[in-house]
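[1] Just to be clear, the model below is a prediction. Sequence and coordinates:
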Amino acid sequence: MVDFCRSPHIVIVGAGPAGLLAAISAAQQGGVRVTILEKNAEAGQKLLLTGQGRCNVTNFSPNAEIIARFFDNGKFLYKPLHHFDAEALRDFFASQGLRLVEQERGRAFPETQKARDVLGALLKAALDSGVDIRYNTQVTDIKCDDCGHIKAVVTATGFVTADACILAVGGCSYPRTGSTGDGYAIAGRHGHRIVSVRAGLAPIHTTTEDIFGLQGVSVRDIRLTLTLPDHKPLSCEGDLLFTHFGITGPAVLRLSRYLPQDEEIYAGFVRLHLDALPNYAHDVLGRMWISDMTESPNVSVKHILKKYLPTAFLLAAMRRCAINPAMPGRECTKAMRSALLNMVKAYPITPIKPPPFEMAMVTAGGVDTKNINPKTMQSKLIRGLYFAGEVIDVDGDTGGYNLQAAFSTGHLAGQSAAEAVKMSECDD
Ligand SMILES: Cc1cc2nc3c(=O)[nH]c(=O)nc-3n(C[C@H](O)[C@H](O)[C@H](O)COP(=O)(O)OP(=O)(O)OC[C@H]3O[C@@H](n4cnc5c(N)ncnc54)[C@H](O)[C@@H]3O)c2cc1C
């Protein structure tokens, strides 16, 4: 009979998607004891918010396309994804009685369209595998022996001995869900480099002038360009939505991670330009407008140009150029046309502060991938310490990519940790 209490102990910090799957995959290796320490009173608080409560669990695109949807360090995910890809995730949930269905652009959701069912399946699998989850337990540090091998996890009230520890504490986006950046402090204290953390997939607050008359207006297929002093301009494409405080939508979310976190820089130095018609070259569009106005000299400029853009946006652009929208096409001078063209191709938007972590779907930056072995997720600095999920410096676009990264790195970390502790048992 196996003496369970004497089995090697793997402690996982954080009961989010990465931590839960790490625990399941470790426990399913057998011969190990697995405990999750979670600071909240419940697991998966962020998971419940995903996909607006529907949870875009993964994306069924090929791995190469998934990797391409990560911003900086997608290649780090090559091994974890190869180890546990979207198909493997689909099989895992199917084994728990939850079918994933593919929707537009490869996005996969639970058939029930409920994030709570995804969390339920993970918790059931964890409990069925014998994982012990201790809630209301905040981890503050780890302890290592003289050989640099993990030996315990420190909590607010004591410590828990561990043969391996998987840090799956998330980043610092949506801090109310429990992800408050604790992993950076712990990993940093033990020599890991922390790549500067920024809010990713977040909306941007702008001046009220930029959004005047535009709240609720969506402009499709735009290009948004960020210019910062001493930096090359950076652009992202997609739709943009004006809100009551600024801008959001796919193009904005993608660009947000590149905005500086330093509030002081924002006094006029951070600039955005919206090209509302990126598929038309400046001169081509100019010639089209001349021909439109020549064909309809008595029709108002607003009516002539509304086929190109949402009316509210056109009106805002005209207001900024001091052009009367009711002016007939024949009266629109070359200088007016040129000013309006410049405005539509480079509508200035001024962010007033860094994108807020409170509204960011992911954290950009985190534990440097160079400090982590991508074949195992083990730290290159501390034996027995593993990382999984958003705490790592890897962030991707919307579309199910970030959860797949959490699941893939979690599964790999769990399996590697279990194999390593069992191996070192045999060596002893
Ligand atoms: C509103 C919103 C919608 C999203 N929608 C999607 C989507 O549809 N698809 C998608 O792919 N991604 C989505 N994401 C991103 C996705 O949720 C994250 O990438 C994912 O949750 C990261 O998983 P994780 O396990 O690494 O971290 P988390 O989910 O943040 O879990 C970390 C856990 O660790 C715990 N913890 C933290 N510190 C400690 C500590 N010191 N001691 C003990 N426990 C600790 C936390 O309480 C938490 O339970 C969304 C994010 C948000 C905010």
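    Here it is on my side, so go on.
[2] And the strands in the stretch 151-300 of the chain?
    159-161, 164-167, 194-200, 204-205, 218-227, 234-242, 246-248, 271-275 (DSSP state E, counting those that start in this stretch).
[3] mind putting these in TSV, mean neighbour count included?
    Every C-beta, even on glycine, is put in place using the N, C-alpha and C of the backbone. Supplementary listing: the strands of the stretch 151-300 of the chain in TSV, determined by neighbours: other Cβ atoms under 10 Å:
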stretch	mean neighbour count
strand 159-161	15
strand 164-167	30
strand 194-200	21
strand 204-205	25
strand 218-227	19
strand 234-242	20
strand 246-248	23
strand 271-275	19
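[4] Would you format the ones you listed as CSV with mean pLDDT and distance to the ligand included?
    As requested, the strands of the stretch 151-300 of the chain are exported to CSV (pLDDT from 0 to 100; distance: least, Cβ to the nearest ligand atom, whole Å):
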stretch, mean pLDDT, distance to the ligand
strand 159-161, 96, 11
strand 164-167, 98, 9
strand 194-200, 97, 9
strand 204-205, 97, 16
strand 218-227, 97, 20
strand 234-242, 97, 16
strand 246-248, 97, 12
strand 271-275, 97, 23
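[5] State the distance from the nearest residue to M361 once chain neighbours are set aside to E87.
    The spatial neighbour of M361 that comes closest, neighbours along the chain excluded (Cβ to Cβ, 6 or more residues apart in numbering), is L201 at 3.7 Å. Remark: distance between L201 and E87 (Cβ to Cβ, to the nearest Å) = 25 Å.
[6] re earlier: was I right to think the residue nearest to M361 contacts Y401?
    No: using Cβ atoms under 8 Å, L201 makes no contact with Y401, being 10.4 Å away.
[7] Have a look at these two and say which one is more surrounded.
    Y401 (28 against 25; other Cβ atoms under 10 Å).
[8] Please give me every residue in contact with the more buried one.
    The neighbours of Y401, taking Cβ atoms under 8 Å, 6 or more residues apart in numbering as the test, are 59, 66, 69-70.
[9] quick revisit: can you add distance to M377 and give the strands of the stretch 151-300 of the chain back as JSON lines?
    Listed next are the strands of the stretch 151-300 of the chain as JSON lines, based on distance: least, Cβ to Cβ, whole Å:
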{"stretch": "strand 159-161", "distance to M377": "20"}
{"stretch": "strand 164-167", "distance to M377": "8"}
{"stretch": "strand 194-200", "distance to M377": "17"}
{"stretch": "strand 204-205", "distance to M377": "33"}
{"stretch": "strand 218-227", "distance to M377": "32"}
{"stretch": "strand 234-242", "distance to M377": "29"}
{"stretch": "strand 246-248", "distance to M377": "33"}
{"stretch": "strand 271-275", "distance to M377": "37"}
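[10] and the nearest residue to F84 once chain neighbours are set aside, what are its phi and psi?
    Among residues not flanking F84 along the chain, H411 sits closest, at 3.9 Å (Cβ to Cβ, 6+ apart). As for H411, its main-chain torsions (degrees, to the nearest 10) stand at phi -60, psi -40.
[11] I'd say H411 and L20 touch.
    No: at 10.3 Å, H411 does not count as touching L20 under the criterion of Cβ under 8 Å.
[12] Which of those two has more residues huddled nearby?
    Counted by other Cβ under 10 Å, H411 and L20 do not tie: L20 has more neighbours, with 32 against 26.
[13] What residues does the stretch 301-428 of the chain have near the ligand?
    When proximity is defined by Cβ under 6 Å from any ligand atom, the stretch 301-428 of the chain lies next to the ligand at 361-362, 389-390, 400-403, 406.
[14] Much appreciated, bye for now.
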